[in-house]
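Student: Here is a sequence with its predicted model. Questions after.
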Amino acid sequence: MNRRDFVGLTGLGATALLLPSLPGFGAQRVDPSRLLEPGADTILKKRLADAALNAAKSAGASYADVRIGRSLNQYVFAREKQVQNIVSTESYGVGIRVLVNGCWGFASTSVVTEASLVATARLAAEIAKADAKIQKEPVQLAAQKGYGEVSWRTPIVQNAFEVPVKQKADLLLAANAAAMDAGASYINSALFQVNEQKYFASTDGSYIDQDVHRLWPTFNVTAVDTKSGKFRSREALSAPVGLGYEYLTPSAAEQVRGPQGTDTIGYKLRYDLLADAALAGKQAKAKLGMKSVTPGKYDLVLDPGHLGLTIHESVGHPTELDRVLGYEANFAGTSFATLDWKAKNLPYGSKEVNIVADKLQPGAVGTVGYDDEGVKTKEWDIIQAGKLVDYQKIRDQAHIVGQKESDGCCYAQSWEDVQFQRMDNISLKPRPTPLSVDELVSKVDKGIYIAGAGSFSIDQQRFNFQFGGQLFFAIEKGKITEPLEDVAYQSNTQEFWGACAGSCDQRDYRLFGTFFDGKGQPMQSSSVSHGSATTRFNGVNVINTARKV
Amino acid sequence: MAILSKDEAQAILQKVLSYSTADACTVGLSGRTTGNIRYARNSVSTAGAQDTVSLTVEASFGKRSGIATCNEFDEATLRRCVQRAEEIAHLAPESPEYMPPLGPQTYLNPPSAATTPLTPTGRAQAAADSMALCAAKNLAAAGFLDGGTRFTALRNSKGLEAYQQLTSTNFSVTVRTPDGRGSGYALGDVTDVAKLNTKALTQRAADKATGSLGAKAIEPGKYTVILEPAALMAGDDLSLLGGLMSSLDARSADEGRSFLTKKGGGNRRGEKLFDERINIYSDPMNAEVPGQAFDGDGLPTQRMSWVEKGVVKNLYYSRFWAQKNNVAPTAYPSGFIMAGGTQSTADLIKGTAKGILVTRLWYIREVDPQTLLYTGLTRDGTFYIENGAIKFPIKNLRFNESPIIMLNNIEAIGRPVRLAGCLVPPLKIRDFTFTSLSDAV
């Protein structure tokens, strides 16, 4: 499914972030109770995997890996007073990747028997042999030690599938009612729940069993003024998270107030769906009568729920090594941050900019113990004091930058897709010394505070971008003065990060996330989070997006 | 077994329906035999093949519905699938928007392809040829070739029977110069793979790549542009025309949340919103872009005018919304056709005193649904035109523009070509709004 189809299908166009393809869409529909049934045990999976690995080796593979995947998903959709759809899906199968004659071959099957896996391994080897004949760059795989039999699980408090479907539907209906009572004309709400049960085995001697959980409650509220024909919307300020159902238990300690005068609330690792829906109803209605922005240069103060998307597009993508090298040239694009550019040691941003990749970050949707080619995940620096120090890379890319090991960021959206390099959780480090959001705003003479992610667009090499948002407030002489509408900013990656004037401290740090980071042909979706604290950028070009038609 | 004939598919569906105890039941079978190859840096990166069939059962008791699916076809599995759909239906809440299944329908028979889709060897050869052409010129090719056959069959307890088989092949290629200063793109999609010329498309992308070397910066602002079809419609991204066509929904207009909302209530169907030369329709029987004969509900598609002489003639009405508003429902078409003239892109360039030729637009996102304002950038070949000829390549630009404004600023409409299952002409447009420059190549 491509972006175009998806946006048409869901009617949640604006919410469906980045190259969307619903994970599990097309998988088998099942009864909700099935989502709690255990899958095959690790003894059986090891036996099946060994059979496939042996078949691959006999077929000439110098390396092979087997991924036995069981993907469980449930989606609940509601609008206003009605539940529209409750969908539970299960997908089970095996993907086998082999390296023969220096070329990758991949094949997958939904028939999980020893005979089928042996045949699939042979098929993967045949494909590798055929393509090796027109292959120009033989694969060089970084060495990886086997871990033996190990396991990892997302540290959740409550599996969302244990919560009765009715309770989840009732929660969405309560959120809808809260928004409508507060002034909304319409609301679409949704709860996405994902459990990936992944078993990985390779000829390196790893047998890795992982149980990965993700959750995303979201909504889009619209307020309509029938008389003028005007309408405005406000999306949820929640984030997709690597947590269980506990994310939906509100906690005062996990709430962060925006600057004084904004009436906005951001959320850390616990979310208050009802309070956010009520606030969204009020804010969407208020947007119908807000002042339209005067275009010009402003100092921007960006909240983490907004800045995460800018980090994703302007730092996450350009530092993916496959894009840098040209493997995505025909679709997602390449990168300005080439190996030659890095060698010049030019600034990526100001000295305030310190960015890390961290696949272990608690609560992040990209967090796992091991990646999809058997590498233990880690944290490493991407940008230090404004200078690019490293890329994101996997086993067959490490040698290109003179390194000996993978960063552990290889991922496939399901057992039936081949794994490749995907973006890690890429985050901006907060200020090490105390600075509150009100203190940050107090030093801004003429600025705009932006909360929540909106429209987003960036060129294929990640220079020029334009971002909108959910909520905008004018800042004059250190104070929030009034809400604004029709705001978008345009900048250039290096200019923008060069204008970074520092962040608030850890107390304000929050995660933005997406389920729909798209890359590859055929396109695959991956989940990723981006953390930051509220951050200031000086002198950014703001445009007015209002038009008359 | 991936591609079942009409009789094979209906025999399975008839058997599945016989197991149903629900008030209403709709069953569908779909399958595909497709394959792809991907390359970059003049080397193959991945290749894959899919061979799948899936059955969907939707059972309803009153206004409660449940859906179950399976991909094995022994009797026990089929029975379990029906049973599971019925169990889920019993547990489901009543849907106030429930619509009973349609009765028997009459369908058109869109033309099908004469040629068998490519084999893995055929795909590898096409990729090898594309790479060889570029390697010989010291250029780097990155491409994707994907295609095969699909079928869909439907049957329900009210007597509806539908079946269609469709083939398609898509190819796209980006060619870059070794120094990264030039980039070109071309794409094509066909029903009959014999009509796909991957070498010619690669050559076009290569010419754009070398032609875009040494791009100059120009001031952003309002310019006359010639938008090639790939700048108007995309296979794998949002596009200006695709975005417009997927926004013609009656319900969101009636609810007050669309550019088609009328002040004071209702929608703008029947109003002239575009230049009178704009005509957009869908036609599943078109020989060049044969479409789907029915939509997911089994509603037949037919020739349908969406925009006629600049007037919005029809909007999409779902069966529920159509019934509520006492109008006929609209089947969602698989593609659309924008009528045009006889001029090629080259002819349009000849007739242009000053302007910009745009090969492709990229990363298009909606900025304001109220006005259908979109932003995005030019990519893979942008050129300055003076006195009827291309003068020099220019750096890429970001635009902020609405297709509603754009289709009122028409200077000329060229000859439509097939793209992403649609027929789209190149358009010459005045006062197209570019708002900033990009260094991207």
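Tutor: Arrived safely, thanks for sending.
Student: From here on, just use CA atoms for contacts and neighbour counts.
Tutor: Will do.
Student: residues in the stretch 251-400 of chain A within reach of chain B, list them.
Tutor: A:326-330, A:336 (C-alpha under 8 Å from any C-alpha of the partner chain).
Student: The nearest residue to A:E495 once chain neighbours are set aside in helix, strand or coil?
Tutor: Leaving aside its chain neighbours, A:E495 sits nearest to A:G349 (7.4 Å; criterion: C-alpha to C-alpha, 6 or more residues apart in numbering or on different chains). Assigned with DSSP: H, G, I helix; E, B strand; the rest coil, A:G349 falls in the coil class.
Student: so what pLDDT did the closest residue to B:S112 other than its chain neighbours get?
Tutor: Leaving aside its sequence neighbours, B:S112 sits nearest to B:L166 (C-alpha to C-alpha, 6+ apart; 6.6 Å). You'll see B:L166 listed with a pLDDT of 93.
Student: Counting by contacts, list what the helix or strand containing B:L166 packs against.
Tutor: Following DSSP states H and E, one finds B:L166 within strand B:161-176. With contacts defined as 3 or more C-alpha pairs under 8 Å, 6 or more residues apart in numbering or on different chains; DSSP states H and E, the packing partners of strand B:161-176 are helix B:6-18, strand B:140-156, strand B:183-190, helix B:198-211.
Student: Identify whichever of these lies nearest to chain A.
Tutor: strand B:140-156 (5.4 Å; C-alpha to the nearest C-alpha).
Student: Give the partner strands of the closest one in its sheet and their orientations.
Tutor: strand B:24-40 (antiparallel), strand B:161-176 (antiparallel) (DSSP bridges).
Student: For that strand, list the C-alpha coordinates in CSV.
Tutor: Extracted in CSV, the C-alpha atoms of strand B:140-156 (Å, rounded to 0.1, in the frame of the first residue of the first chain):
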residue,chain,number,x,y,z
ALA,B,140,24.7,5.8,-11.6
ALA,B,141,21.3,4.3,-11.9
ALA,B,142,18.9,3.5,-9.1
GLY,B,143,15.6,1.8,-10.1
PHE,B,144,12.7,-0.3,-9.2
LEU,B,145,10.7,-2.7,-11.4
ASP,B,146,7.6,-4.2,-9.9
GLY,B,147,4.7,-6.1,-11.6
GLY,B,148,2.4,-9.0,-12.1
THR,B,149,-1.2,-10.2,-12.1
ARG,B,150,-3.9,-9.7,-9.5
PHE,B,151,-7.5,-10.9,-9.3
THR,B,152,-10.5,-10.0,-7.1
ALA,B,153,-13.7,-11.9,-6.7
LEU,B,154,-16.8,-11.0,-4.7
ARG,B,155,-20.1,-12.8,-3.9
ASN,B,156,-22.8,-12.2,-1.4
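Student: what comes up buried for that strand?
Tutor: For strand B:140-156, the neighbour count (16 or more other C-alpha atoms under 10 Å in any protein chain shown) marks B:140-156 as buried.
Student: Point out where chain A drops to low pLDDT.
Tutor: A:1-27 (pLDDT under 70).
Student: Just give me the longest helix of it.
Tutor: helix A:114-132 (DSSP state H).
Student: I'd like to know which elements that one is packed against.
Tutor: By 3+ C-alpha pairs under 8 Å, 6+ apart, helix A:114-132 packs against helix A:42-58, strand A:82-100, strand A:103-109.
Student: For B:E271, find the nearest of the ones you listed.
Tutor: Closest to B:E271 of the helices and strands packed on helix A:114-132, according to C-alpha to C-alpha: strand A:82-100, at 32.4 Å.
Student: is that closest one up against chain B anywhere?
Tutor: Yes: using C-alpha under 8 Å from any C-alpha, we find that strand A:82-100 touches chain B at A:82-84.
Student: tell me the contacts of the residue of the stretch 101-250 of chain B found nearest chain A?
Tutor: Among all residues of the stretch 101-250 of chain B, B:T174 sits closest to chain A, at 5.0 Å; criterion: C-alpha to the nearest C-alpha. By C-alpha atoms under 8 Å, 6 or more residues apart in numbering or on different chains, the contact list for B:T174 reads A:329-330, B:141-143, B:183-186, B:202, B:205, B:380.
Student: ok, the residues you listed vs B:L373, which is closest?
Tutor: Nearest member of the contacts of B:T174 to B:L373, counting by C-alpha to C-alpha, is B:D380, at 22.9 Å.
Student: and that closest one, helix, strand or coil?
Tutor: coil.
Student: what about B:L241, how many neighbours?
Tutor: Here the number of neighbours of B:L241 (other C-alpha atoms under 10 Å in any protein chain shown) works out to 20.
Student: Just confirm it is within a helix.
Tutor: Yes: under three-state DSSP, B:L241 sits within a helix.
Student: who are the neighbours in contact with it?
Tutor: Neighbours of B:L241 in contact, by C-alpha under 8 Å, 6+ apart: B:232-233, B:403.
Student: Of those residues, grab the buried ones for ChimeraX.
Tutor: Paste this into ChimeraX to select the buried members of the contacts of B:L241, with burial taken from 16+ other C-alpha under 10 Å:
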select /B:232,233,403
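Student: Closest to A:K45 out of the contacts of B:L241?
Tutor: Of those, the one sitting nearest to A:K45 (C-alpha to C-alpha) turns out to be B:M233, at 45.8 Å.
Student: Am I right that the closest one is in contact with B:L240?
Tutor: Yes: B:M233 lies in contact with B:L240 (C-alpha atoms under 8 Å); the separation is 6.7 Å.
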